[in-house]
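Trainee: pasting the structure only:
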DNA sequence: AACCTCACG
DNA sequence: ACGTACGTGAGGTTC
């Protein structure tokens, strides 16, 4: 039985455990204990035969308490900040909506992708051969509308209105509702058993997807503030996934590049670093990400908005510079075929039954997972080790600083001002030394009066 | 409940 | 000819 069946779906009307008849609580609690014991009896043996005992007992189990402490500690959110931007943005959103109706000549629900598609492609006919989604509906994603921006003034307004609506509904208006009246803070859940790679996820609310890429959205981070007499401290791994790929592949050139601390994105070209233009670097950066995901010529061409021929040249050049990376990718797929799974540096497995599929699309997914999962998952292993050690040191050294958030390659802390130097040293040291690789691991850090300033 | 869209690493 | 970069969570619409 699910908890929501017992106390109702999350929201205002959700009951607390004490409002549920004791017979029902008893039934629920007993089932919890019974099922857990049954699972333990079976999984304990499996842990041993799969050689995953270290991962379980040395990482996942100790991490459980670290996560619980983070959840209980919670995060301060300055509501006055959010309320004032809510008023301003709500007004702008409504103005844009009126202008959209004017330009369309009809009123409609701008939140409805279907209605937006019908207005743009049937009423205004701004594109003869509009792209459709799998279900035959017009696709109106940001990516598509961006390319149609110049066709009609309504397009830009729809994009702007959507952007503002997203910020309001998902963050600005939602976060204040989630403040726990007892603690005055927001308490997320860090889910330890959701992802297929070993990453955490965050829910109710998700605090791992607070905006940062766009200037307007990132202002929301100003609302995430430390306690009184404390500062916000943020530390993040620099290019951890690329460094792991250098380590796992053993590629001499990439290892050397990281050891000498050079600009890895610029380094893929066979010209002096000074000769690398901003555009070359941007393309190389996208290519580097692509490699980690199991690149395709098509995928890279799409993202960079370049012809496939050019994307192919870029990829070929890349593998010429880093031949062992190419070998590593082939080897990962080969391992998946032979063993049916791939694993991370700590022995976390990703089962890949589709690696033998006769459907090339399905098989393609499995092959890309074979490349990506060990990299993404090893990064998760490493930051988990760092979190456990940092939590232990904060406790042993009687510091009042608290770890409050993890965002995949980043850790955030609430730090009493007088502790900042010690905590900075502890956090960076434990992050950088969590798991020695063939290349150095680097952690950047910053402090501020809020999450935005600390970044 | 499925779908679309979009926020993050 | 087709479909194609990895991993998530949430809000809104539609059925």
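Mentor: Yes, it's here. It should be emphasised that the depicted structure is a prediction, and the values quoted were computed from it without experimental measurement.
Trainee: for the stretch 101-250 of chain A, what lies in contact range of DNA strand B?
Mentor: Residues of the stretch 101-250 of chain A lying near DNA strand B by CB under 7 Å from any atom of the strand: A:113, A:117, A:133-135, A:137-143, A:145, A:159, A:162-163, A:166-167, A:170, A:208-214, A:217-218. In short, each C-beta sits where N, CA and C put it, glycine included.
Trainee: so which of those belong to helices?
Mentor: Applying DSSP state H to these, the entries found in helices are A:113, A:117, A:142, A:143, A:145, A:159, A:162, A:163, A:166, A:217, A:218.
Trainee: surely the fifth one meets residue A:158?
Mentor: Yes: under the criterion of CB atoms under 8 Å, residue A:145 is in contact with residue A:158, at a separation of 6.5 Å.
Trainee: between these two, which one's more packed in?
Mentor: residue A:158 (25 against 20; other CB atoms under 10 Å).
Trainee: where does pLDDT dip in the stretch 51-200 of chain A?
Mentor: Along the stretch 51-200 of chain A, no part satisfies pLDDT under 70.
Trainee: where do the strands sit along it?
Mentor: A:75-77, A:185-186, A:189-191 (DSSP state E, counting those that start in this stretch).
Trainee: just these: most buried one?
Mentor: With neighbours taken as mean count of other CB atoms under 10 Å, the strands of the stretch 51-200 of chain A reach their highest mean count in strand A:75-77, at a mean of 22.
Trainee: neighbouring strands of that one in the sheet, and parallel or not?
Mentor: In the sheet, strand A:75-77 lines up against strand A:185-186 (antiparallel), strand A:224-225 (antiparallel) (DSSP bridges).
Trainee: how far off centre is the last one?
Mentor: Just to be clear, that refers to strand A:224-225. Chain-centre distance of strand A:224-225: 20 Å, with CA atoms, centre = their mean, to the nearest Å.
Trainee: count of residues packed around the residue of the stretch 51-200 of chain A found nearest DNA strand B?
Mentor: Using CB to the nearest atom of the strand, the single residue of the stretch 51-200 of chain A nearest to DNA strand B is residue A:133, 3.1 Å away. Using other CB under 10 Å, residue A:133 has 13 other residues around it.
Trainee: show the contacting residues for it.
Mentor: Under the criterion of CB atoms under 8 Å, 6 or more residues apart in numbering, the contact list for residue A:133 reads residue A:139.
Trainee: follow-up on the earlier one: among the ones in helices among the residues of the stretch 101-250 of chain A next to DNA strand B, which one sits closest to DNA strand C?
Mentor: Once CB to the nearest atom of the strand is applied, the member of these that ends up nearest DNA strand C is residue A:113, at 6.9 Å.
Trainee: show me what contacts that closest one?
Mentor: A:137, A:138, A:140.
Trainee: can you give the contact residues for stretch A:324-332?
Mentor: Contacts of stretch A:324-332 (CB under 8 Å, 6+ apart): A:245, A:248-254, A:291, A:294, A:318-319, A:342, A:370-371, A:374.
Trainee: ah, wrong one, I meant stretch A:436-449
Mentor: With CB under 8 Å, 6+ apart as the criterion, stretch A:436-449 contacts A:225-226, A:231-240, A:243-244, A:246-247, A:250, A:254-255, A:258-259, A:382, A:415, A:420, A:424, A:427-428, A:431-435, A:453-455.
Trainee: ok, now with 6 Å
Mentor: Residues outside stretch A:436-449 that contact it (CB atoms under 6 Å, 6 or more residues apart in numbering): A:231-238, A:243, A:246-247, A:255, A:258, A:424, A:428, A:431-432, A:454.
Trainee: cool, stretch A:17-32 as well?
Mentor: Residues contacting stretch A:17-32 (CB under 6 Å, 6+ apart): A:1, A:6.
Trainee: so what's the gap between it and the chain middle?
Mentor: 35 Å.
Trainee: what mean pLDDT does it have?
Mentor: Across stretch A:17-32, pLDDT averages out at 88.
Trainee: in it, which residues are buried?
Mentor: Using 16 or more other CB atoms under 10 Å as the test for burial, stretch A:17-32 gives residue A:28.
Trainee: cool, and stretch A:162-172?
Mentor: Buried residues in stretch A:162-172, counted by 16+ other CB under 10 Å: A:162, A:163, A:164, A:165, A:167, A:168, A:170, A:171, A:172.
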